[in-house]
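Asker: how would this look folded up:
(one chain, ligands or ions: 3)
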Amino acid sequence: MMLITRIKIREIILIFALIANSPAYGSNVFMPGNVLFSISIIALTVTFLALAFVLFKYLQQQKKFAQLMLSEQRLKSTVEGSGDTLWDWNIRSGEIIRINDKFNMADAPKGKIFPNQHCIHPQDIPMVERLLREHFAEKTAFFEASYRIRNSLKEWHWVLDKGKVIEKDENLNPVRMTGIVRDISHLKTTEERLNLFAKCVESLSDAIAIYDAQFRLVDLNPSYLTLFGGIREQYLHKPFTLPGYDARYIEELKLALKETEHWQEELKLSNVSNVMLPIEVTIDEIKNNHGQITNYVVVFSDLTERKKAESQLHDLSNRDRTTGLPNRNLFFTNLKKLGQQGTHHALLVFDLDNFKKINDSLGHQLGDSLLAKLAMRLNKLARQQDTFYRLGGDEFALVMSGTNDIHTITKTAKQFLAAIATPFKMASHELVITSSVGIVLFPEDGNTPEILLKNADTAMYHAKQKGNHYLFFNDGMNEQAVKRLQIENLMRYGLKEDHFVVYYQPKMDIKSGTLVGMEALVRFITPKKGIIPPNVFIPIAEETGQIIEIGEVVLDKACRDVKTWIDAGLFDGRVAVNLSAKQFSLPDLTTRIDVILQKNQLPSYFLELEITEGTVMDDPQEAIAIMRSLSARGIHLAMDDFGTGYSSLAYLKQFPLNTLKVDKAFIDDMNSERGRNMVDSIVTIAHNLELHVVAEGVESADQLSYLEALNCQTIQGYYYSKPLSYEEFTLFLRNHHAKKVTRPAFKVVANGND
Ligand code: C2E
Ligand code: CA
Ligand code: CA
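Answerer: Numbers count the residues shown, from 1 in each chain. Ligands and ions are numbered 1, 2, ... in the order given. The predicted model follows:
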């Protein structure tokens, strides 16, 4: 424009000079009074006016130019301040002007298509070219591209380049284009991070759902659809729910979330096909810079696989291999859980009567398959919410969850007993087993699994005494259990403090009325509780195993006492000592007996051992072997309480026995004809087997005369004497020795026993 203005001023001056020097005007053109002069004046005036106009225009133009320069300057500083680069590209010449060339692109060699080409990242060039061509072809109103550019320090920057063609030639080819380049590296890093996060979220195997502040679903990832099924659209904008959980649960969850900003729980959620899945749900709040909640992120982790692996591991340590039932370990864990939750429940405990016998006689393999069959049978009876456990050996437990209804529990107990009692077909055998069930209730009968089990065992123990029965636990049973425990402790103390004393009850020959022997009977004399009768402590001692030690004390003392009587010339018969089943099955029984005999210098000839039917019938073959080795030492063997157990006559023949003791119960029955016949048969059998017969618990003269009539040789009972202490028995021997009286040999009222 300035150029244009300058040209115009020169032209005006030139015209003005031409007119002034024109030959037409001559030298007198300025002469006054002359027409020519008038014309000259007019011409001069016109020229002046024209000159003034031109000057005015020039000044106006100058002002405009200054203003333009100023705004150009302003623009430049604005651009510099913004950090952007302005560019003006002459497309034909390839010339480009840049204001604020931040990336020193001017230093780079110019590209063919685009001046910045050599600075652009090779991967981005095709995209830039395409966008440029599209703009040239007027497909886009603006050229806009974000690409990477390298500065003179060879550092890559992300830029946003925006431009527009501002001039075209007559063929509509772009001639000039201007634009602006902005460094967006910082935005790009953020964007890249966001993309990365988005990609991560997309590819995560956990289902993720994003909700807005009002808990309406904004977005979800593909895993969400994989986990729950369905299509994206059916979830979008819907309020937050957990399938299977009611609105109240969701409200409580939201309240909890408000407090802690984080919520996590393992839930069972159903998918669109109504399959229940174990899912861990985690909810987190997202807040903006002002601390306002903008979103909630909910992560659903499918625990199916983990649960499966866990359960396999769990099974290994919590399941019994034989029956497939959960084991004792799991029993305690689950019972504890129920207790902690305060859930009412019933515990039914039972074991199988005589299972040991089945196991021993038919083999462990058969025993195991019997247990497996039983488990299967009983498991079917359990309700869905009940769990059936094998606690070990032949001991089982049923935990009935969520009930304390006696009717329901009783019904189940009865069903169990009936199912157990139904014969089992095993190989070629048909096995009949019985059981007894002890029942406890939580919380009434105990608040820990240990107490509950102990009380259930106590109830079972009581039920067993009734046989094939079930019993609910009551405190009375516990009193008994406490008593048992007290006795157990007393016995332990008594063994240490020598509170076990031996009494002797004479065995008399009916015909001659002479002493033929005596039975050693233990007495437990405690300083505080006085005498505790054998019927009370012996069964407990048998269960706890203390009977072994007690039995040895009795044998030792009996040998010692008898030795003194023999040495004193008062006695030369046998002392009968009771041998419990526990002692009988000791592998070193004979050695133990040998040691005691030797210690007391008593020949085995003076010893007799009383064994009950139960003891030998557990394993008759083994019993025969043991009995033979005892008998080989010259020790006599007597079958105690004969007729009360289930001896088979076949075995009786094989046992190397010397004596048969007819139980007191038969003697008591002798006032009836039937009773007398019974005793008659027993005595006859014994005689046929060439066994010596002792009648126990003879109290009356009538009984005595009946027995005499039946040819029973030996009598033991209060009729002659109660069991006597060592001192009393010494006295008895002395008197007996002196008198050698006939019946009644000697009547002593014993003090302090029976
Ligand atoms: P048992 O072996 O049958 O002993 C006989 C029991 O009958 C004794 O009771 C005895 O005192 C009692 N008795 C004897 N004559 C009469 C009578 O005319 N009338 C009545 N009513 N009872 C009579 P005790 O001493 O109380 O022993 C009870 C049971 O305890 C014994 O029965 C035996 O099984 C066991 N026992 C006693 N001492 C020992 C022992 O040292 N070792 C073992 N293993 N058991 C023993
Ligand atoms: Ca006995
Ligand atoms: Ca007896």
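
Asker: Leaving out chain neighbours, which residue sits closest to the residue in the stretch 351-500 of the chain that ligand 3 sits nearest to?
Answerer: Among all residues of the stretch 351-500 of the chain, Phe500 sits closest to ligand 3, at 19.1 Å; criterion: CB to the ion. (Each C-beta comes from the backbone N, C-alpha and C, glycine too.) Here the nearest residue to Phe500 in space, its sequence neighbours aside, is Val553; by CB to CB, 6 or more residues apart in numbering that works out to 5.0 Å.

Asker: Give me the nearest residue to Ala520, chain neighbours excluded.
Answerer: Excluding the flanking residues, the one nearest Ala520 by CB to CB, 6+ apart is Ala558, at 4.0 Å.

Asker: er, Gln385 I mean
Answerer: Nearest-residue entry for Gln385: Ser401, 4.7 Å, with adjacent residues in sequence omitted and distances by CB to CB, 6+ apart.

Asker: Beta-bridge partners for that neighbour, please?
Answerer: According to DSSP bridges, the residues that bridge with Ser401 are His345.

Asker: need the contact list for the residue nearest to Ala520.
Answerer: With contacts defined as CB atoms under 8 Å, 6 or more residues apart in numbering, the neighbours of Ala558 are Val502, Tyr504, Ala520, Val575, Val577.

Asker: repeat for Tyr211
Answerer: The contact partners of Tyr211, by CB under 8 Å, 6+ apart, come to Leu217, Val218, Phe240, Asn295, Tyr296, Val297, Val298.

Asker: Just confirm it is within a strand.
Answerer: Yes. Residue state for Tyr211 (DSSP: H, G, I helix; E, B strand; the rest coil) corresponds to a strand.

Asker: Number of residues surrounding the residue of the stretch 401-550 of the chain found nearest ligand 2?
Answerer: Residue nearest to ligand 2 within the stretch 401-550 of the chain (CB to the ion): Glu519, separated by 5.5 Å. The number of residues packed around Glu519, counting by other CB atoms under 10 Å, is 24.

Asker: any idea of the pLDDT on the residue nearest to Gln385?
Answerer: Each residue has a pLDDT score; the one for Ser401 is 93.

Asker: Please report the distance of it from Arg383.
Answerer: Distance of Ser401 to Arg383, given as CB to CB, to the nearest Å: 9 Å.

Asker: Comparing these two, which residue is more hemmed in?
Answerer: Remark: of Ser401 and Arg383, Ser401 carries more neighbours, 18 against 13, as counted by other CB under 10 Å.

Asker: Now do the same contact list for the more buried one.
Answerer: By CB under 8 Å, 6+ apart, the contact set of Ser401 is Leu338, Thr343, His345, Gln385, Asp386, Thr387.

Asker: Can you tell me the SS state at the residue nearest to Phe500?
Answerer: Val553 is classified as helix under three-state DSSP.

Asker: does it really touch His499, like I thought?
Answerer: No. Applying CB atoms under 8 Å as the test, Val553 and His499 come out as separate, 9.8 Å apart.

Asker: Pretty sure Gly438 sits in a helix.
Answerer: No. Counting by three-state DSSP, one finds Gly438 to be strand, located in no helix.

Asker: How confident was the prediction at the residue nearest the centre of the chain?
Answerer: Note on the chain: the residue nearest the mean C-alpha position is His314, at 6.9 Å, using CA atoms, centre = their mean. The confidence metric pLDDT takes the value 75 at His314.

Asker: Name the residues of the helix or strand in which it is found that are buried.
Answerer: Following DSSP states H and E, one finds His314 within helix 304-318. Using 16 or more other CB atoms under 10 Å as the test for burial, helix 304-318 gives Asn318.

Asker: Renumber starting at 143 from here on
Answerer: In the new numbering, first residue 143, that becomes helix 446-460.

Asker: separation between Val423 and Leu191?
Answerer: Distance, Val423 to Leu191, by CB to CB: 94 Å.

Asker: Give me the more crowded residue out of the two.
Answerer: In terms of neighbours (other CB under 10 Å), Val423 is the more surrounded of Val423 and Leu191; the figures are 18 against 10.

Asker: Show me what that one is bridged to.
Answerer: The residues listed as beta-bridge partners of Val423 by DSSP bridges are Glu407, Phe442.

Asker: Looks to me like Ile753 is in a strand.
Answerer: Yes. Secondary structure of Ile753, determined by three-state DSSP: located in a strand.

Asker: Quick check: chain neighbours aside, which residue is closest to it?
Answerer: Using CB to CB, 6+ apart and skipping the chain neighbours, the partner closest in space to Ile753 is Leu721 (5.4 Å).

Asker: I'd guessed that neighbour sits against Leu749; true?
Answerer: No. With contacts counted by CB under 8 Å, Leu721 stays clear of Leu749, the gap being 10.5 Å.

Asker: which residues touch the residue of the stretch 493-642 of the chain closest to ligand 3?
Answerer: Listed by CB under 8 Å, 6+ apart, the contact partners of Phe642 are Gly636, Val664, Arg665, Phe666, Ile667, Ile692, Val695, Val696, Lys699.

Asker: need the contact list for the fourth one.
Answerer: Phe666 makes contact with Leu632, Met633, Gly636, His641, Phe642, Val643, Ile673, Ile674, Pro676, Phe679 under the criterion CB under 8 Å, 6+ apart.

Asker: same thing with Ala561?
Answerer: When contacts are counted by CB under 8 Å, 6+ apart, Ala561 touches Arg519, Leu520, Leu523.

Asker: rerun at 10 Å
Answerer: Counting by CB atoms under 10 Å, 6 or more residues apart in numbering, Ala561 touches Leu516, Arg519, Leu520, Lys522, Leu523, Ser577.

Asker: What residues of the helix or strand Phe679 falls within count as buried?
Answerer: In this assignment (DSSP H and E), Phe679 forms part of helix 676-686. Using 16+ other CB under 10 Å as the burial criterion, the residues of helix 676-686 that qualify are Pro676, Phe679, Ile680, Ile682, Ala683, Glu684, Thr686.

Asker: right, is that helix up against ligand 1?
Answerer: Yes. Counting by CB under 6 Å from any ligand atom, ligand 1 has neighbours in helix 676-686: Pro676, Asn677, Ile680.

Asker: that's a helix at Tyr747, yeah?
Answerer: Yes. Tyr747 forms part of a helix when assessed by three-state DSSP.

Asker: how about the helices in the stretch 443-592 of the chain?
Answerer: In the stretch 443-592 of the chain, helices defined by DSSP state H, counting those that start in this stretch lie at 446-460, 470-483, 497-504, 506-521, 548-563, 591-608, listed in chain order.

Asker: Just list what the second one packs against, helices and strands only.
Answerer: Contact here means 3 or more CB pairs under 10 Å, 6 or more residues apart in numbering; DSSP states H and E; on that basis helix 470-483 packs against helix 446-460, strand 487-494, strand 528-534, strand 537-543, strand 577-584, helix 591-608.

Asker: for the fourth one, same thing?
Answerer: The elements that helix 506-521 packs onto, with contact taken as 3+ CB pairs under 10 Å, 6+ apart, are strand 487-494, helix 497-504, strand 528-534, strand 537-543, helix 548-563, strand 566-568, strand 571-573.
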